[in-house]
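Asks: 3D, please:
(chains A and B)
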Number of protein chains: 2
Amino acid sequence: MEFSSKFLENAVSEMSQLPGIGKRTALRLVLHLLRQPESQTLNLAQALQTMRTQIKFCKSCHNISDVDLCEICSNPHRNQELICVVEDVKDVMAIENTSSFKGLYHVLGGKISPMDGIGPHDLNVTSLVEKVKEGKVKELIFALSSTMEGDTTNFYIFKQIQEYAIVTSTIARGISVGDELEYADEITLGRSIINRIPFEASLKS
Amino acid sequence: MEFSSKFLENAVSEMSQLPGIGKRTALRLVLHLLRQPESQTLNLAQALQTMRTQIKFCKSCHNISDVDLCEICSNPHRNQELICVVEDVKDVMAIENTSSFKGLYHVLGGKISPMDGIGPHDLNVTSLVEKVKEGKVKELIFALSSTMEGDTTNFYIFKQIQEYAIVTSTIARGISVGDELEYADEITLGRSIINRIPFEASLKS
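Replies: Residues are numbered from 1 along each chain as shown, chains lettered A, B, ... in the order given. You can find the predicted model right below:
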């Protein structure tokens, strides 16, 4: 692509380093910004800069936070003995949106994935094991993706904390609410039969 | 969406104002930036800021340029009497990539579109008519999209310059190179028959 301006070329090239944004999309976005009031671009640039330099991570759960201890960890109304282990910040937001969990979180920052060169030491596992060791945790809920990497990570953490007397659980795998049975894959369907729940319990949720 | 950080929320909200980028995609992009080295975000912010504040538009053709008169307009090897009228900067780049046009451009900055509230006075039409009036132009090539808005814009400009003795043409509409005939729409196919070209001429291009 031939650019008539170095400034334009530079902006497009930086923009196209974002995942899923190619050169053409980047050009479209940058040209859009050029048609909008100058303030929009300046606000965007400022917001990104502030976000990247000012943002903190909660020292306890590693969630994104503006303060040292995030709002969830410092909330006395939440169950401090129940910890939900998630992959990243998006998962905390997704679970918070359901309003059905009142414990704390622990953000690993990824999954064990040898193919991508991510081992246990690249994740926030040590601090989780420390929490368990200190005896303040009664139950760990594994809420990772149901993939090979998610299962490996669950198992790795399980092995580390096995010796301590805590309950470990994993979120239920089953048919999504609203899904047609005939389109469900066989593994999910099989598991949903093995892990069936009493009908009366299902009425409550 | 509940955010655990104001900085994050702000960045996501600014990012999601870009066309085609919703809240979820914006969050994905911003979280990606957080995982990358700080320099990437700072470079992006800087590039956008510089682009928006420093960029100029060529005073003759209204193309994006770092100088007052763009490289194309100031190139003595280009045919100054042949002007290709395009909608925006992307079209200049697309035509330049073909290497088959050696004249100048005129960037309108949009198409007449009453539905979007864009009239002739929002476009760079006056400066184009001025160029024609000054008698320096021999041919205008309309290279706008083949849509209702594009055709309207072509016709509006044509009416403005009709009285001057210049040639006006429009880029050929026909079957795309590599296209199967059976999938072509009937209007395009019909036009391609009416505007057929001598076979020998087709061998040259």
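Asks: ok, the residue most central in space within chain A to residue B:5 distance?
Replies: Geometric centre of chain A, nearest residue: residue A:88, 2.3 Å, by CA atoms, centre = their mean. Distance, residue A:88 to residue B:5, using CB to CB, to the nearest Å: 14 Å. Using the backbone N, CA and C atoms, a C-beta is placed for each residue, glycine as well.
Asks: likewise residue A:138?
Replies: 28 Å.
Asks: show me which of the two is the more surrounded one.
Replies: Using other CB atoms under 10 Å in any protein chain shown, the more surrounded residue of residue A:138 and residue B:5 is residue B:5, with 23 against 15.
Asks: my read: that one touches residue A:64, true?
Replies: Yes: the criterion here is CB atoms under 8 Å, and residue B:5 meets it with residue A:64 at 4.8 Å.
Asks: give the intersection of the neighbour lists for these two.
Replies: Listed as contacting both residue B:5 and residue A:64 by CB atoms under 8 Å, 6 or more residues apart in numbering or on different chains are A:55-56.
Asks: report the angle between the longest helix anywhere in chain A and helix B:38-54.
Replies: Counting residues, the longest helix found in chain A (DSSP state H) is helix A:38-54. When axes from the mean of the first three to the mean of the last three CA atoms, to 10 degrees is applied, the directions of helix A:38-54 and helix B:38-54 differ by 160 degrees.
Asks: list the buried ones in helix A:38-54?
Replies: For helix A:38-54, a neighbour-count test (16 or more other CB atoms under 10 Å in any protein chain shown) marks A:40-42, A:44-49, A:51-52 as buried.
Asks: likewise for stretch A:12-31?
Replies: Within stretch A:12-31, the residues scored as buried using 16+ other CB under 10 Å are A:12-16, A:18, A:21, A:25-31.
Asks: among the residues you listed, which ones lie close to chain B?
Replies: Filtering these for proximity to chain B by CB under 8 Å from any CB of the partner chain leaves A:13-15, A:18, A:21, A:25, A:27-31.
Asks: out of those, flag the one nearest to chain B.
Replies: Nearest to chain B out of these is residue A:14 (CB to the nearest CB; 4.3 Å).
Asks: ok, now which ones touch that closest one?
Replies: By CB under 8 Å, 6+ apart, the residues touching residue A:14 are B:40, B:43-44, B:47-48.
Asks: swap in 7 Å and give it another go.
Replies: For residue A:14, the contact set (CB atoms under 7 Å, 6 or more residues apart in numbering or on different chains) comprises B:43-44, B:47.
Asks: could these go into JSON lines alongside distance to chain A and pLDDT?
Replies: Shown next, in JSON lines, are the contacts of residue A:14 (distance: CB to the nearest CB, whole Å; pLDDT from 0 to 100):
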{"residue": "B:43", "distance to chain A": "5", "pLDDT": "96"}
{"residue": "B:44", "distance to chain A": "4", "pLDDT": "96"}
{"residue": "B:47", "distance to chain A": "4", "pLDDT": "96"}
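Asks: closest one to residue A:185 out of the residues you listed, please.
Replies: residue B:44 (39.5 Å; CB to CB).
Asks: just checking, the closest one touches residue A:48?
Replies: Yes: using CB atoms under 7 Å, residue B:44 is in contact with residue A:48, at 6.3 Å.
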